[in-house]
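Enquirer: Sequence first, then the predicted structure, then my questions.
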Amino acid sequence: MDPRSVSSWSQSNVTLKTREPLTALAVELRIGLTPGVKETGHWQTRPAGDFTATVREEGGFLVYSWVLRPGRTLPVGEHVFAGRYNHADGGRDAAMDTYRTEATSATGASEAVVWGDFAPVR
């Protein structure tokens, strides 16, 4: 969760750190439709023209998706993908929220799938 989140609005961030340039990348952020959840925007640290970005409701989730466009390359570095949304006042439980990324390196020698959730570490 982004530290700028407040009692009725949140931003969930997925931060990727790459050691090789990527020629294929898909990022999906799933936000559980807890009371009052409504999409208010999204962004990424790379230029918007590098990605096809969509937001939809599906199966009890607000789903943010970013796909690197063909012919584009994601350089080595740290990259953030963020989904923003309103929710019922008083904060919200992020236990249902998840992310998933799939990537292929520019050389094609390396592929990775990474997923997880935003539940507190116990």
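Expert: Yep, that arrived. Numbers count the residues shown, from 1 in each chain.
Enquirer: Could you point out the helix or strand that follows the helix or strand hosting H42?
Expert: Counting by DSSP states H and E, the element that carries H42 is strand 38-44. For strand 38-44, the following helix or strand on the C-terminal side (DSSP H and E) is strand 51-58.
Enquirer: which other helices and strands contact whatever helix or strand comes next after that next one?
Expert: Where DSSP H and E defines the elements, the next helix or strand beyond strand 51-58 is strand 61-68. Strand 61-68 sits against strand 22-32, strand 38-44, strand 51-58, strand 77-86, with contacts defined as 3 or more CB pairs under 8 Å, 6 or more residues apart in numbering; DSSP states H and E. C-beta: built from backbone N, CA, C; applies to glycine.
Enquirer: now these in CSV, with mean neighbour count and distance to S110?
Expert: Shown next, in CSV, are the helices and strands packed on strand 61-68 (neighbours: other CB atoms under 10 Å; distance: least, CB to CB, whole Å):
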stretch, mean neighbour count, distance to S110
strand 22-32, 20, 9
strand 38-44, 15, 21
strand 51-58, 14, 20
strand 77-86, 18, 16
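Enquirer: re the thing from before, show me what the strand holding H42 is packed up against.
Expert: strand 51-58, strand 61-68, strand 77-86.
Enquirer: Which pLDDT value belongs to A95?
Expert: At A95, the model reports a pLDDT of 87.
Enquirer: For T34, see how far away it is.
Expert: 9 Å (CB to CB, to the nearest Å).
Enquirer: Between the two, which is the more surrounded one?
Expert: T34 (18 against 12; other CB atoms under 10 Å).
Enquirer: Make sure that one is actually in contact with Y85.
Expert: No: assessed by CB atoms under 8 Å, T34 is found out of contact with Y85, at 9.8 Å.
Enquirer: Below-threshold pLDDT in the protein: ranges please.
Expert: Counting by pLDDT under 70, the chain shows low-confidence ranges at 1-7, 119-122.
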